[in-house]
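how does the following fold in three dimensions:
(chains A and B)
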Amino acid sequence: MSAPIPESTRTATAPSRTGGLRRFVAQPTGALSLTVLLVFVVTGVFGPLFVDRPGGLGSEILQAPSSAHWFGTDDLGQDVFAQVVWGTRVSLTVGAAASGLAILIGTALGLMGAYSRRADAWITTVTDLMLSLPLLPLMIIVTAVAGPSILTLTVVIGLFSWPEVTRLIRSNGMVVVAMPYIDGARALGAGGWRIVTREVLPAVVPLVVVSVLLTAARAVISEAGLSFLGLGDPDSWSWGRIMLNAQRSGVLSTAWWQTLFPSLAILLLVLAATVAGVRFNDSRDPRLKDR
Amino acid sequence: MVEFTVRRALRAVLTIWIAVTVTFFLLRLLPGDPTLLVVEGDMTPEMQQALRVQYGLDKPMLTQYWLYLTELVQGNFGTSFRQLQPVTEIIVSRVPWTLMLAGSAFVLTILLGIPLGVYAAAHRGRRLDRIVQMFGITGHALFVPSIAILLLVVAGSWLGWFPIGGAIDPDTRGLAAYLSLFHHLALPLISLVIVQLGPYALTLRTNMLEVLGEDYVKSARGRGLSTRRTLWKHALRNAILPALTLMGLQLGTLVGGAVLTETVFAYPGVGRLIFEAVGQLDYPLLQGAFIMLAITVVVANLITDVVGMLLNPRIRT
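I've put the predicted structure just below:
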């Protein structure tokens, strides 16, 4: 899997103009996406220390963006910039924690499916079933019943996001399991647990990293969607909730800033996580070099 | 072929049964007991008991489950907590709107995605190919309400090209009614297609590139067939299958997107119904709406699979 690229292939692809250009582009986008992610993390962690928590009623209602209110104000006179900054924390927390949960379940099931044929039949069936259901409506119901809170959102999104991870890890794990060194390990007397954790898992770790990023991106979208539908934590700010407020108070067309800035935040964060994941994946796959 | 269809149909039924079962027990086992909502605090114990009997909440859970299943098979989704009407009636009046929205988004995505994907694969590295690749990756990053609100504000409010909510102008008749229907459908539809198209075209492009490298395509070229004929007749036929399967798998996401779009445009489909039912904590309605959407997705997926098999040149009978 991680075999070095033969010298001949390398020289064969190098002269292709697009291949060279793409590799040139690949570096800056990778670096740029990481920088954007970092900016969001810093904003989420330290932002609320510098920006007052939005709340109460202000006198400056529905102000357009200005030097006093960078992202304008909403119909209660609250600063939208402050809402976006506080929302960053929630989006990042839910995104990261839900992704972590989904990765744990997904990787465990994926490895189990790749290694044990008996477990595989069940795991594949359940994964396919989950993937064929409309998950957003399902998440809506469960969140509504369990009572909206950050914890609920995290658990619900995590519990419904593992099938994609399972599929990815399983299909790649199967390639690894079929490799001669696994037979070698078995011949040396290694048990199933040892083979899976010591031999197969390390081989799929790069994929797990990619999955973390892509799953986190999807989790952020899911969180925003649920919050937009009124299922966010009522006590904390989130990007979806800012947009819901604009929709509820009927100021979508007049106060464009109230939906534009949270939208940009979602787009930037999700895009950065996706691009970082894709670039990371491409950078270790020599076959994709000239695609 | 018949066996394949039957097997797929059985699986579809199994999927729906699991969806029904999981939601039934989830709703009853989660901490926030939905059944308590019907029973209000200031009622006398006799009234509470009468209500419980009316909703069947006094029976053991497995009995309730069995009753729910038998009613469901007969098309009865129970009674709405808030609107005090049969859930089936409420949902059935909403389903056609969602079917029309999601269905036309599905078809339009395929109709636009195929030429885009084929063109991008045939002209690798050109501008359009770049654009397809870019949208293929960014498409996943788009938040449906963001796109929908952008369209609503710019094309609806500012430019005034399209209505900003609802599904039809009730005063129109005949041809004007149809025009009004399409006029109202446009923005929600475009929002969904924008989100779906990029990733779809990109998948088709990748499949095409794989197929174009295969021997039978090379031999078609070698026999002197034109580029266009090889591309559209020989290669596309094999590249389209995985793309169709992908589209079937994306149906769940598409319906999720429809829920969000309908909410933004106050479009009277099942999605908007869910949004309203969440606000009122109307559990039977939520459960019914989800099951209805699940049935829609699973049946559409079944149709996609069977169509895919009919199109597959390798299993021609």
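
nearest to chain A within chain B, name that residue for me.
Nearest to chain A, among the residues of chain B, is B:G256, at 3.2 Å (Cβ to the nearest Cβ). All C-beta atoms are positioned from the backbone trio N, CA, C, and that covers glycine.

ok but that residue is inside a helix, no?
Yes: assessed with DSSP: H, G, I helix; E, B strand; the rest coil, B:G256 lies in a helix.

so for it, what's the pLDDT?
At B:G256, the predicted lDDT confidence score is 90.

just the element for the closest residue to it other than its chain neighbours, please.
The shortest distance from B:G256 to any residue other than its chain neighbours is 3.2 Å, reached at A:L136 (Cβ to Cβ, 6 or more residues apart in numbering or on different chains). Per DSSP states H and E, A:L136 falls inside helix A:135-146.

which strands and helices lie in contact with the helix or strand following that helix?
Note on helix A:135-146: by DSSP H and E, the next helix or strand toward the C-terminus is helix A:150-159. Helix A:150-159 sits against helix A:80-115, helix A:135-146, helix A:201-228, with contacts defined as 3 or more Cβ pairs under 8 Å, 6 or more residues apart in numbering or on different chains; DSSP states H and E.

off-centre distance for helix A:150-159?
A distance of 14 Å separates the centroid of the chain from that of helix A:150-159, by Cα atoms, centre = their mean, to the nearest Å.

what about whichever residue of the stretch 51-200 of chain A sits closest to chain B, neighbour count?
Relative to chain B, the nearest point of the stretch 51-200 of chain A is A:L136 (3.2 Å; Cβ to the nearest Cβ). By other Cβ atoms under 10 Å in any protein chain shown, 26 other residues sit near A:L136.

so it makes contact with B:L254?
No: taking Cβ atoms under 8 Å as the definition, A:L136 is not a contact partner of B:L254, at 10.3 Å.

for the residue nearest the centre of chain B, give me its contacts.
Centroid check for chain B by Cα atoms, centre = their mean gives B:V255 as the closest residue, at 2.8 Å. Residues in contact with B:V255, defined by Cβ atoms under 8 Å, 6 or more residues apart in numbering or on different chains, are A:134, A:136-137, B:98, B:102, B:271, B:293, B:296-297.

same thing but 7 Å
A:134, B:102, B:293, B:296-297 (Cβ atoms under 7 Å, 6 or more residues apart in numbering or on different chains).

what's the closest of the residues you listed to B:V6?
Set against B:V6, the nearest of the contacts of B:V255 by Cβ to Cβ is B:V297 (20.0 Å).

give me the neighbour count for the closest residue to the closest one other than its chain neighbours.
Spatially, and ignoring its direct neighbours in sequence, B:V297 is nearest to B:L251 (4.7 Å; Cβ to Cβ, 6+ apart). Per other Cβ under 10 Å, the neighbour tally for B:L251 reads 22.

likewise for the one 5 residues further on?
When neighbours are defined as other Cβ under 10 Å, B:G256 has 26 of them.

who are the contact partners of it?
Taking Cβ under 7 Å, 6+ apart as the criterion, B:G256 is in contact with A:134-137.
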